[in-house]
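J.: Quick one, structure for this:
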Amino acid sequence: MIVANDATVKGGSYYPVTVKKHVRALEIALQNKLHCIYLVDSGGANLSRQGDMFLDRDHFGRIFYYQAILSSEGLAQIAVIMGTSVAGSAYVSAMCDESIIVHKQGTIFLGGPPLVKAATGQDVSAEELGGADLHCRKSGVSDYYALDDNHALYLTRKIVRNLNYQKKVDVTIEPSEDPLFPADELYGIVGTNLKRIFDIREVIARIVDGSKFSEFKSLYGDTLVTGFARIFGYPVGILGNNGVLFSESARKGVHFIQLCCQRKIPLLFLQNITGFMVGTEYEAGGIAKDGAKLVGALSCANVPKITVIIGSSYGAGYFAMCGRAFSPRFLYLWPNATLSVMGGEQAATVLATVAKAQRAREGKQFSSADEAALKEPIIKKFEEEGSPYYSSARLCDDGIIDPVDTRLVLGLSLSAALNAPIQKTDFAVFRM
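T.: Model prediction:
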């Protein structure tokens, strides 16, 4: 895992979303047992936003907590100080197992020259206060003296070579095969019209090795497609949507998740779902408890889980197909994705119905013009907040990916996830 500050953007300082991104990177490193390299060039926290990133559990201090835990688990923490490392950023550097600092460029100090001047009256340069000579020769805060950036990266590679690390995986890896069909056909298969129906198997065929997919329970609960495949040689159990979830689909999903957990096979969720089926018949059939089984199974599953939202993702369907709350190792979006509690039209209709009933109780009219005026801003708001860019800008996912890159991204994600040993899964009680 590489975390790099960009000093060309607001001096590399930390805003609340910067902290969230850094913490997420370390969470990924801890989940997947990844070594960490920090390319440090930061002025620390943005003081005007300190109230939003200082006090809470997942605020700035969580970075240091994760660094200590990662190091305790034998996951190397390596800092490369290529610029300023002040205040909180100084602890990022100091808490690493090994650190490199660049001569006349890197500096580490808890308080910079202006703060020292204000507190003590002492005039001191940044280099005198925390430069490479001070920290390599006197303080011992840094371990390696680099002449320039290229030398620093050369030293970093030497450190990585000396980690004595060898990857061990819990799965069998076979030679990779290219899919039989070109990835750019995904653009036409899915498209931007999310109301258009397509077969999720067409997507799977353009992602998996040799386009080989061993489907499980193909004739039962067919709005959820499940089966086994390989991606870059790694085994994977795939759950993909072909419509709304019925009780049969949910039960099939639970069965398949149990199989994958028993065999230590990672799970891939391909989301294109409007939710669970509703109506008297389905409520009487127990769809609530069947949906709960699916949510419970994926919550408890200890195999690596990866989610890609390739189309719509609404309401409980988002949860049941391993949304962010269920800790997938990685969650990606296609640019055409939309995520919301429900569709904008549906939300507007629900709220208009409530408003109409309220007016009726008050003995007032609710005209079609009133209804249109109420609906328009609601639909607009849902469209804006359902955008993948709205989600990604708030770090509610791990990035928007080009559909043609999906196979490569999944291969890299599986490779990263399988650094961590797969633990035994114990399932919760399922309501029968």
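
J.: Can you point out the buried residues in stretch 322-336?
T.: The neighbour-count check on stretch 322-336 (16 or more other CB atoms under 10 Å) flags Cys322, Gly323, Arg324, Phe326, Pro328, Arg329, Phe330, Leu331, Tyr332, Leu333, Trp334, Asn336 as buried. The way it works is simple: take the backbone N, C-alpha and C, and place the C-beta from them, glycine included.

J.: mind saving the C-alpha coords of that stretch as CSV?
T.: Taking C-alpha atoms only, stretch 322-336 is exported to CSV below (Å, rounded to 0.1, in the frame of the first residue of the first chain):
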residue,chain,number,x,y,z
CYS,A,322,-22.5,-6.6,-0.2
GLY,A,323,-22.6,-2.8,0.0
ARG,A,324,-20.0,-0.8,1.9
ALA,A,325,-21.5,-1.5,5.3
PHE,A,326,-20.7,-5.2,4.9
SER,A,327,-16.9,-4.6,4.6
PRO,A,328,-16.1,-5.9,1.1
ARG,A,329,-12.3,-5.7,0.8
PHE,A,330,-12.9,-3.5,-2.2
LEU,A,331,-16.0,-1.8,-3.7
TYR,A,332,-15.8,-0.3,-7.2
LEU,A,333,-18.3,1.6,-9.4
TRP,A,334,-18.8,1.8,-13.2
PRO,A,335,-19.4,5.3,-14.5
ASN,A,336,-23.0,4.5,-15.3
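
J.: picking up where we left off before, dump the buried residues of stretch 322-336 to CSV, plus distance to Gln271.
T.: Below are the buried residues of stretch 322-336 laid out as CSV (distance: CB to CB, whole Å):
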residue, distance to Gln271
Cys322, 8
Gly323, 8
Arg324, 12
Phe326, 12
Pro328, 11
Arg329, 15
Phe330, 13
Leu331, 9
Tyr332, 10
Leu333, 9
Trp334, 10
Asn336, 12
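
J.: Which members of these are positioned in helices?
T.: Among these, DSSP state H puts none in helices.

J.: what residues go with each domain of this protein?
T.: According to automatic domain parsing, the chain is divided into the following domains: 2-161, 183-337+400-417.

J.: Now distance to Glu385 and mean pLDDT too, for these, in a markdown table please.
T.: Formatted as a markdown table, these follow (distance: least, CB to CB, whole Å; pLDDT from 0 to 100):
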| stretch | distance to Glu385 | mean pLDDT |
| --- | --- | --- |
| domain 2-161 | 17 | 95 |
| domain 183-337+400-417 | 13 | 97 |
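
J.: Helix or strand: which one has the residue at the greatest distance from the centre of the chain?
T.: Largest separation from the mean C-alpha position in the chain: Gly363, at 50.0 Å (CA atoms, centre = their mean). For Gly363, there is no helix or strand it lies in under DSSP states H and E.

J.: Next one: it from Ala352, what distance?
T.: Between Gly363 and Ala352 the distance is 18 Å, computed by CB to CB, to the nearest Å.

J.: Now flag whichever of the buried residues of stretch 322-336 is closest to Arg49.
T.: Of all the buried residues of stretch 322-336, Arg324 has the smallest distance to Arg49: 23.5 Å, by CB to CB.

J.: Show the contacting residues for the closest one.
T.: Leu331, Cys396, Asp397 (CB atoms under 8 Å, 6 or more residues apart in numbering).

J.: Export those residues to JSON lines and append columns for distance to Met342.
T.: Listed next are the contacts of Arg324 as JSON lines, based on distance: CB to CB, whole Å:
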{"residue": "Leu331", "distance to Met342": "20"}
{"residue": "Cys396", "distance to Met342": "17"}
{"residue": "Asp397", "distance to Met342": "19"}
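
J.: Just those residues: which are in strands?
T.: If you go by DSSP state E, these have Leu331 in strands.

J.: Kindly indicate which of the contacts of Arg324 lies nearest Cys300.
T.: Ranked by distance to Cys300 (CB to CB), these are led by Leu331 at 18.3 Å.

J.: Where do the strands of the chain begin and end?
T.: 2-4, 36-42, 77-86, 98-102, 107-109, 144-146, 214-216, 224-231, 234-241, 267-273, 305-314, 330-333, 338-340.

J.: among these, which is nearest Glu248?
T.: Counting by CB to CB, Glu248 lies closest to strand 224-231 out of those; the figure is 8.5 Å.

J.: Just want the angle from the closest one to strand 234-241.
T.: Orientation check (axes from the mean of the first three to the mean of the last three CA atoms, to 10 degrees): strand 224-231 against strand 234-241 gives 160 degrees.

J.: and Glu73, what are its phi and psi?
T.: Main-chain torsions, Glu73, degrees, to the nearest 10: phi -90, psi 10.

J.: residue contacts, it?
T.: Contacts for Glu73 were tallied using CB under 8 Å, 6+ apart; they are Leu30, Lys33.

J.: what's near enough to touch Gly296?
T.: Contacts of Gly296 (CB under 8 Å, 6+ apart): Phe427, Ala428, Phe430.

J.: If you could redo that for Glu128, that was the one I meant.
T.: Contact analysis of Glu128 by CB under 8 Å, 6+ apart lists Leu134.

J.: Could you check how far it is from Val23?
T.: Using CB to CB, one gets 33 Å for the distance from Glu128 to Val23.

J.: can you list contacts of stretch 7-20?
T.: By CB under 8 Å, 6+ apart, the residues outside stretch 7-20 that reach it are 5-6, 22, 41-46, 49, 52-53, 58-60, 62-63, 83-84, 88-89, 394-395.

J.: now do the same end-to-end measure for that stretch.
T.: 18 Å (CA to CA, to the nearest Å).
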